[in-house]
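J.: below is the sequence, then the predicted model.
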Amino acid sequence: MSFRGGGHLEKLNLHAVGYALATSVFIASYTLSDGSGARLAASASSYAVYLFLADGIWSLILCLAVRGPQSLPAMARNWKVGAITGGLSGTAYWIVMWAMTKAPIAAVASLRESSILFAMLISVFALGEKMTVWRSAAALGIVAGVVALRLG
């Protein structure tokens with residue numbers, strides 16, 4: 001998916017590949033941390049509550065430190081949207097942590113990261129980006145990996 005326009009191999013965007021690899025290291029790190037934490041905690045729910053509370057407190061502190069108290073009115077004006085999206089995001093994240101207490105962490109993580117397929121479909125159908133041969137091949141590779149998980 002890192003090819004510009006999917007045309008030629010010489011147009012491989014090395015910066016995009018580097019960012020993708022760095023992102024994968026961070027994703028693997030927090031996935032293993034969350035999977036281990038959820039398994040070691042009394043329950044996935046208790047782990048999630050403490051994680052979300054700590055994240056929320058630190059996010060507020062960082063926001064106030066960087067943007068100052070003038071950021072509070074902007075947050076107050078948009079609290080409904082923030083509450084809805086935060087609730088949906090938190091629920092999705094909790095489901096993943098719960099699943100990692102019931103199934104191998106690697107399998108759950110692989111299925112979770114298959115969400116990139118939805119992002120690709122949104123980019124093509126909603127944003128009008130081109131569906132190139134390289135993107136199609138990458139999507140098929142992801143689907144093959146999910147199928148291989150089921151077969152294995």
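T.: Looks like it arrived, so ask away.

J.: going by C-alpha atoms from here, please, whenever you check contacts or count neighbours.
T.: Noted.

J.: and the helices in the chain?
T.: Taking DSSP state H as the criterion, the chain carries its helices at 14-40, 44-67, 71-77, 79-102, 105-113, 116-125, 133-151.

J.: need these in CSV with mean pLDDT, can you?
T.: What follows is the helices of the chain, written out as CSV (pLDDT from 0 to 100):
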stretch, mean pLDDT
helix 14-40, 91
helix 44-67, 94
helix 71-77, 92
helix 79-102, 93
helix 105-113, 86
helix 116-125, 89
helix 133-151, 85
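
J.: want to try CSV for the ones you listed, with mean neighbour count as columns?
T.: Listed next are those as CSV, based on neighbours: other Cα atoms under 10 Å:
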stretch, mean neighbour count
helix 14-40, 14
helix 44-67, 14
helix 71-77, 11
helix 79-102, 15
helix 105-113, 15
helix 116-125, 14
helix 133-151, 14
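
J.: now residue 52: closest residue in space that isn't a chain neighbour?
T.: Distances taken as Cα to Cα, 6 or more residues apart in numbering place residue 90 nearest to residue 52, at 7.7 Å, with adjacent residues excluded.

J.: any idea how far residue 64 is from residue 85?
T.: Distance of residue 64 to residue 85, given as Cα to Cα, to the nearest Å: 21 Å.

J.: list the contacts of residue 47.
T.: 37, 38, 41 (Cα atoms under 8 Å, 6 or more residues apart in numbering).

J.: let's see it at 6 Å
T.: Residues near residue 47 by Cα atoms under 6 Å, 6 or more residues apart in numbering: 38, 41.
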